[in-house]
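Asker: Just need the structure, nothing else, for what follows:
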Amino acid sequence: MDDLLKPVPDAVLIGRLRREFILPASDPPVLNEPGGNLAYAAAAFLQWDGKPGVVSRTNNDYPSEWLEYMSAIGMDTDGIHVSSESFDDRFFVTYNQAQKPIFENPISHFADRQLGFPQQLLNYKPTEPVYCSKTDYSADSIHITDIPPHYLEASAAHISPIDYISHSILPSVLKGGMILTLTMRAASCYMDPIFWENIRALVSDVTVLMFTEAQGLKLFQGRSADLWEIAGVLASYGPEFIIIHANDGTVMVYSRIAQKRWILPAYPAKVSDPTGMLDTFDGAFLQSYRKDYDVVRAALSGIVSSSFCVEGSGPYYILGCMPGLKEARLKVLANRVMEL
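Answerer: As a prediction, this is how the structure comes out:
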C-alpha cells in the first residue's frame, strides 16, 4: 500500500526498544523480555485507547515475534527499522529494597541472589553514555528517513529519551508535518551544564518538556536550585508546559501561557518494579492531552498509568488492568490536585 494511503496513527511515538533483564527487589527476575522506553510509552498510549505509530531502530538480535506482537495489539510498526550497524540492545537493572536502581555488575547481583547467570547477558556492559555526542550519530540514533510519510499526517508526537542528535533533529521534522502537539522527555546525557548553550534550540519546538528533579538540578547547577524557576526559564525557550517528576513522587506542572503551577500527587501503588514508569506516564499523558488539551487531566492520566506499571513488570503488564480501574484511580487523584 502506498504510504500516503495508509491509515494515519493517532500519534507518533519515537524511542528505543530493548531486551530487558530486571531483578526486582522482591519479585521474580525478568530475563530477556521486551522493553525499552518506546514499548512502555506505546503500551500506555494503547491503555487509553490510542493507536500509535512507533519509530525505533533495532538490531538483528531483537526478536521478530516481539515486533509482531506490537502490531497485533494495535501499533503501527512501519517506523521500526533494523540498523545497518550493530549495537547492544540489552538493558540490565536491579533494585534494592528502597527501590533504588543499580545498573552495574550484573554478575555479582545474580550471584548475591543465588540465581543462574543468563547466557544472553554474557559480556554485558551498561551502554548509556554519561554525555551525548553533539555531532555524531550512534547506531540507534533516529534518522529523518526513519519516519514513514504517513506518520507526519498525525496531529501529535512524543520523543522518548534517545540522544542529543536525535532530539535536536526530530522536533523540526515533526513540526514540519501536521503535528501540532509535541512532547519530549529529556535524555540524561545532555541535561548537564556542558550542554547549557544548546538547550534553547533543543526545546524551542517542543509543546511539553518532561524531566526529573535530578535532571533539572544538574542542568542548572550553579544557576538555580529552585525547580519552579527552572521550569520558568525552560518554558521561556518555547515549551507551553514543563513537567517535572520530583524526588518525592509528586509531579509538578508549569503552564507558561496561563502562568499557573500545579502539584499532583503520586498514586499510592505497591511498587514491584519501577522500570518504565516515566515512559508509561508519557504515553498516557499524550493520549489524554490530545483529546481535550487539559494538561492537568493528562498528567493525572500519566500518573495513573505509572501506578499500574510499577505493580508488575514489562511494558504490557498495564494492558491487563481491570475495566474501570484506571478511571477510578483518576477520580481519586483529581481531588488531590494542588494549584499554587
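Asker: Return the residues in contact with the nearest residue to residue 222 once chain neighbours are set aside.
Answerer: Residue nearest to residue 222 in three dimensions, not counting chain neighbours: residue 193, with 6.8 Å by C-beta to C-beta, 6 or more residues apart in numbering. All C-beta spots, glycine's among them, are computed from the backbone N, C-alpha and C. When contacts are counted by C-beta atoms under 8 Å, 6 or more residues apart in numbering, residue 193 touches 218, 219, 221, 222.
Asker: and those residues, which of them are in helices?
Answerer: Members of the contacts of residue 193 lying in helices (criterion: DSSP state H): 218, 219.
Asker: what's the helix or strand hosting residue 231 packed up against?
Answerer: Using DSSP states H and E, residue 231 maps to helix 227-235. Judged by 3 or more C-beta pairs under 8 Å, 6 or more residues apart in numbering; DSSP states H and E, the packing partners of helix 227-235 are helix 213-219, strand 241-245, strand 251-255.
Asker: Can I get the last one as PDB, trimmed to CA atoms?
Answerer: Below are the C-alpha coordinates for strand 251-255, written out as PDB (Å, rounded to 0.1, in the frame of the first residue of the first chain):
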ATOM      1  CA  VAL A 251       4.500  15.800  39.600                       C
ATOM      2  CA  MET A 252       5.000  19.500  39.100                       C
ATOM      3  CA  VAL A 253       3.200  21.100  36.100                       C
ATOM      4  CA  TYR A 254       4.000  24.600  34.900                       C
ATOM      5  CA  SER A 255       2.000  26.500  32.300                       C
END
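Asker: Tell me the helix or strand right after that strand.
Answerer: strand 260-264.
Asker: following that following strand, which helix or strand comes up?
Answerer: Per DSSP H and E, the first helix or strand lying C-terminal to strand 260-264 is helix 277-292.
Asker: Tell me the secondary structure of the spatially most distant residue from the centre of the chain, please.
Answerer: Distance to the chain centre peaks in the chain at residue 114, reaching 32.2 Å (criterion: C-alpha atoms, centre = their mean). Classification of residue 114 by DSSP: H, G, I helix; E, B strand; the rest coil places it in coil.
Asker: quick one: it and residue 23, what's the gap?
Answerer: To residue 23, residue 114 is 12 Å away according to C-beta to C-beta, to the nearest Å.
Asker: center of this structure, which residue is that?
Answerer: The chain has residue 279 as the residue nearest its centroid, 2.9 Å off, counting by C-alpha atoms, centre = their mean.
Asker: in the helix holding residue 231, what counts as buried?
Answerer: 227, 230, 231, 232, 233, 234, 235 (16 or more other C-beta atoms under 10 Å).
Asker: what's the closest non-adjacent residue to the first one?
Answerer: Same thing as residue 227. Nearest one to residue 227, counting by C-beta to C-beta, 6+ apart, is residue 244 at 5.7 Å.
Asker: what does residue 178 give?
Answerer: The shortest distance from residue 178 to any non-neighbouring residue, by C-beta to C-beta, 6+ apart, is to residue 153 (5.2 Å).
Asker: Tell me, how many residues neighbour that neighbour?
Answerer: Residues lying near residue 153 (other C-beta atoms under 10 Å) number 18.
Asker: could you pull out the strands for the stretch 1-150 of the chain?
Answerer: Here the stretch 1-150 of the chain has its strands, by DSSP state E, counting those that start in this stretch, at 11-14, 18-23, 30-35, 52-58, 76-82, 90-95, 101-102.
Asker: For these, give me a markdown table that also has mean pLDDT, mean neighbour count and distance to residue 201.
Answerer: Shown next, in a markdown table, are those (pLDDT from 0 to 100; neighbours: other C-beta atoms under 10 Å; distance: least, C-beta to C-beta, whole Å):
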| stretch | mean pLDDT | mean neighbour count | distance to residue 201 |
| --- | --- | --- | --- |
| strand 11-14 | 98 | 30 | 19 |
| strand 18-23 | 97 | 23 | 29 |
| strand 30-35 | 97 | 19 | 31 |
| strand 52-58 | 98 | 27 | 22 |
| strand 76-82 | 96 | 19 | 25 |
| strand 90-95 | 96 | 22 | 30 |
| strand 101-102 | 94 | 12 | 31 |
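Asker: Mind putting the ones you listed into JSON lines with distance to residue 287?
Answerer: Shown next, in JSON lines, are these (distance: least, C-beta to C-beta, whole Å):
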{"stretch": "strand 11-14", "distance to residue 287": "7"}
{"stretch": "strand 18-23", "distance to residue 287": "22"}
{"stretch": "strand 30-35", "distance to residue 287": "20"}
{"stretch": "strand 52-58", "distance to residue 287": "8"}
{"stretch": "strand 76-82", "distance to residue 287": "15"}
{"stretch": "strand 90-95", "distance to residue 287": "25"}
{"stretch": "strand 101-102", "distance to residue 287": "26"}
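Asker: how about the helices of the stretch 101-250 of the chain, start to end?
Answerer: In the stretch 101-250 of the chain, the segments counted as helices under DSSP state H, counting those that start in this stretch are 106-112, 164-175, 196-203, 213-219, 227-235.
Asker: got the buried residues for the second one?
Answerer: Of the residues in helix 164-175, those with enough neighbours to count as buried (16+ other C-beta under 10 Å) are 164, 165, 166, 167, 170, 171, 173, 174, 175.
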